[in-house]
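Undergrad: generate coordinates for the sequence data below:
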Amino acid sequence: MPIVAHNDLPTFERLRQEGVNVLPPDRALHQDIRELHIGLLNMMPDKALAATERQFFRLVGESNPIAQFYLHPFTLPELERGAEAAEHVARYYDSFADLREQGLDALIITGANVVGPDLATQPFWQPLIDVIDWAYDSVTSTLCSCLATHAVLEFRYGQRRRPRPAKTWGVFPHWLVAREHPLVHDVNTRFDVPHSRWNDVSRAQFDAAGLRVLAESDIGVHLATSPDGLRFVFFQGHPEYDTISLLKEYKREVVRYAGGFTSAYPPFVENYFVDRDQAILREYRQRLDAARAAGEPLPPFPDTLLVQRLDNTWRDTAHAVVGNWMGLVYQYTHSDRRKPFMDGVDPNDPFGLGPR
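TA: Residues are numbered from 1 along each chain as shown. Have a look, this model is predicted:
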């Protein structure tokens, strides 16, 4: 069912142009379909703020035909913003105080850029804890993406993320390890997920915390839940990514190298560029280094030669998992009070899966 464009956030029009079913509020009021209200705590930096909105809104809007989705983006005032992003937030975003008063059926928390290895020293740390503590008691399910997963694992389960020897950067195959869980119903037993992270919470740490691991790979856990199977859903990867997201990250690192901000030229994103594209990028680096050495203008990055060759091998699985998640939120939420878990259901084991 559709996303309801309940305000004039530009993301709604962008998604409508992409073909996502987006309804104006006057049409939504005439639909005899239950509403689900989903918060998006967007902690991404300014340049990724709107793209992250679109990515998660798209996943929700294309996920499940059972409800009308009202999406409510908000952020934390402790995150520093430039003037343009601050204006965007002030105009289109809700406040946490208002959403806490109104209630939510589900919550999505994005990743964030951090300075230094210690999450507890970040300016958003205590405000993020406040949001998650409220959500634990008041929201049926909270989906945590990447850094948000690491934050919850640290402050609620005592498992601190650890730096990896090198950045995990690419598209990696994963397999299901808990095929009976309703979150992965009808999901391929092997599927791809993009990753882009320097840190990791290991399988051993997920197990020590008593969490349910649903999918993993040679690079570690991607999908897991809290012990009850629903209250928290954890992603370490980025299934919300657009096809070009990793290309944009790669270009950003090349630009940093070209500008002298780093001496290390970025390695290829794993399992992402085909042989032809790698050849184009090797030739580009030769031209770039030659221009830098000669003090000549730098050649433009070959975006247009690369975009059409990129494959997206993860979106169908992302839709399936988020669709299952929305279905479970719909099933286990009181429609009148938006309180988690229906009467008569064991909140510690709502699906009858037994001990993990």
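
Undergrad: drop to CA atoms for contacts and neighbour counts, all remaining ones
TA: Will do.

Undergrad: now do the helices in the chain.
TA: Ranges of helices within the chain are 10-18, 25-28, 46-61, 83-92, 96-102, 125-138, 147-155, 203-208, 245-258, 275-294, 303-307, 315-331, based on DSSP state H.

Undergrad: and the contacts of the fourth one?
TA: Okay, so that is helix 83-92. Contacts of helix 83-92 with the rest of the structure, by C-alpha atoms under 8 Å, 6 or more residues apart in numbering, involve 7-9, 46, 49, 73-75.

Undergrad: burial of the residue lying closest to Asp207 once chain neighbours are set aside, as a residue count?
TA: Distances taken as C-alpha to C-alpha, 6 or more residues apart in numbering put Val213 closest to Asp207, at 7.8 Å, once the chain neighbours are dropped. By other C-alpha atoms under 10 Å, 23 other residues sit near Val213.

Undergrad: just for the chain, where's the confidence low?
TA: Scanning the chain for pLDDT under 70 picks out 1-3, 23, 25-33, 64-65, 334-345, 347, 355-356.

Undergrad: how does it divide into domains?
TA: Domains of the chain are assigned by automatic domain parsing as 3-242+312-331, 245-307.

Undergrad: winner for burial among these?
TA: Ranked by mean neighbour count under mean count of other C-alpha atoms under 10 Å, the domains of the chain are led by domain 3-242+312-331, which reaches a mean of 18.

Undergrad: quick check, distance from that one to the centre of its chain.
TA: For domain 3-242+312-331, the gap between its own C-alpha mean and the chain's C-alpha mean amounts to 4 Å (C-alpha atoms, centre = their mean, to the nearest Å).

Undergrad: grab the longest strand from the chain for me.
TA: As assigned by DSSP state E, the longest strand anywhere in the chain is strand 162-176.

Undergrad: what angle separates that one from helix 245-258?
TA: Calculated by axes from the mean of the first three to the mean of the last three C-alpha atoms, to 10 degrees, strand 162-176 forms an angle of 160 degrees with helix 245-258.

Undergrad: tell me the angle strand 162-176 makes with helix 147-155.
TA: Going by the same axes, to 10 degrees, strand 162-176 makes 110 degrees with helix 147-155.

Undergrad: residues in contact with strand 162-176?
TA: By C-alpha under 8 Å, 6+ apart, the surrounding residues in contact with strand 162-176 are 189-201, 214-219, 222, 246, 269-272.

Undergrad: report the central residue of this protein.
TA: Ser145 (4.4 Å; C-alpha atoms, centre = their mean).

Undergrad: residues contacting it?
TA: Going by C-alpha under 8 Å, 6+ apart, Ser145 touches 108-111, 234-238.

Undergrad: against Gly39, how distant is it?
TA: Ser145 is 14 Å from Gly39, where distance means C-alpha to C-alpha, to the nearest Å.

Undergrad: shared neighbours, these two?
TA: In contact with both Ser145 and Gly39: Ile108, using C-alpha under 8 Å, 6+ apart.

Undergrad: dump the contacts of Ser145 into TSV; add distance to Ala294 as well.
TA: Converted to TSV, the contacts of Ser145 look like this (distance: C-alpha to C-alpha, whole Å):
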residue	distance to Ala294
Ile108	49
Ile109	46
Thr110	42
Gly111	40
Phe234	49
Phe235	45
Gln236	43
Gly237	40
His238	39
